[in-house]
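Q: need a 3D model of the following:
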Amino acid sequence: MTIGPKPLAAGDRIVLAAVPPAPHGSHALSTSWMTAQGGPIRVMLGPQADYFSSETLQSFLSIEWRVGARSDRMAYALEGPPLSHSRGHDIVSDGIPLGGIQVPGERQPIVLLVDRQTTGGYTKIATVIGVDIGAIGQTRPGHRIRFRRVTLAEAHAARAAEVAWLARAIDG
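A: Reported below is the predicted structural model:
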């Protein structure tokens, strides 16, 4: 491989530009942030949050979930205490956003990822905010995660912080 005026050889050093520190809570370009920092994955309540009691919503947000072995690029099956539906688990099929968290009849949450289906007929308790998709997608089966509810304004602020950080990193 050639980088620069001559081929790389054993012992060569490649100097990279310094990257500014990531904004607080940002997971951008960090494969180990979640597990190293133990930070929660930020979510906004989903379109069917009213299908769950306030106690179930609080439980969902306070439980430490385990990423199950049945996890892949389509979805992460989470394991933990079952979540109760107060109005049933089936809905008329609607769109599935990236990071949508469905709770089917088995009462265990499923985080839908990049290869998810486009529509689905199970209640969605929450949605992972865009800035945190990378963090959850890099979590391996067997690892544990937590969720933290944020507002739309907080999600927008997290995205703006990430964009500014990336711009500084690119500009060097």
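Q: quick check: next helix or strand after the lowest-mean-pLDDT helix or strand in the chain?
A: Across the helices and strands of the chain, mean confidence by mean pLDDT, DSSP states H and E is lowest for helix 33-37: a mean of 38. Sequence-wise, the next helix or strand downstream of helix 33-37 (DSSP states H and E) is strand 41-45.
Q: just the CA atoms of the helix or strand just after that next one, as CSV, please.
A: Going down the chain from strand 41-45, the next helix or strand is helix 54-62, by DSSP H and E. Below are the C-alpha coordinates for helix 54-62, written out as CSV (Å, rounded to 0.1, in the frame of the first residue of the first chain):
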residue,chain,number,x,y,z
SER,A,54,-47.1,5.0,33.5
GLU,A,55,-45.7,2.3,35.7
THR,A,56,-44.7,0.2,32.7
LEU,A,57,-43.1,3.3,31.0
GLN,A,58,-41.1,4.0,34.2
SER,A,59,-40.1,0.3,34.4
PHE,A,60,-38.9,0.4,30.8
LEU,A,61,-36.7,3.4,31.5
SER,A,62,-35.3,2.1,34.8
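Q: in helix 54-62, which residues are buried?
A: Residues of helix 54-62 classed as buried: 56, 57, 59, 60, 61 (neighbour count, 16 or more other C-beta atoms under 10 Å). The C-beta positions use only the backbone N, C-alpha and C, and glycine is treated the same way.
Q: and stretch 129-149, by the same measure?
A: 129-137, 139, 144-145, 147, 149.
Q: keeping just the C-alphas, turn that stretch into CSV.
A: Only the C-alpha atoms of stretch 129-149 are listed here, as CSV (Å, rounded to 0.1, in the frame of the first residue of the first chain):
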residue,chain,number,x,y,z
ILE,A,129,-32.7,9.2,18.9
GLY,A,130,-30.6,9.4,15.8
VAL,A,131,-27.4,10.4,17.5
ASP,A,132,-27.5,7.2,19.6
ILE,A,133,-28.3,4.7,16.8
GLY,A,134,-24.6,4.0,16.4
ALA,A,135,-24.1,3.3,20.0
ILE,A,136,-26.9,0.8,20.2
GLY,A,137,-25.9,-0.8,16.9
GLN,A,138,-22.4,-1.4,18.3
THR,A,139,-23.6,-3.1,21.4
ARG,A,140,-23.0,-6.8,21.3
PRO,A,141,-25.3,-9.6,22.5
GLY,A,142,-24.9,-10.2,26.2
HIS,A,143,-24.1,-6.5,26.9
ARG,A,144,-26.5,-4.5,29.0
ILE,A,145,-28.1,-1.2,28.1
ARG,A,146,-30.3,1.4,29.8
PHE,A,147,-32.6,4.0,28.2
ARG,A,148,-33.2,7.6,29.2
ARG,A,149,-36.1,9.6,28.0
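Q: thanks again, I'm all set now.
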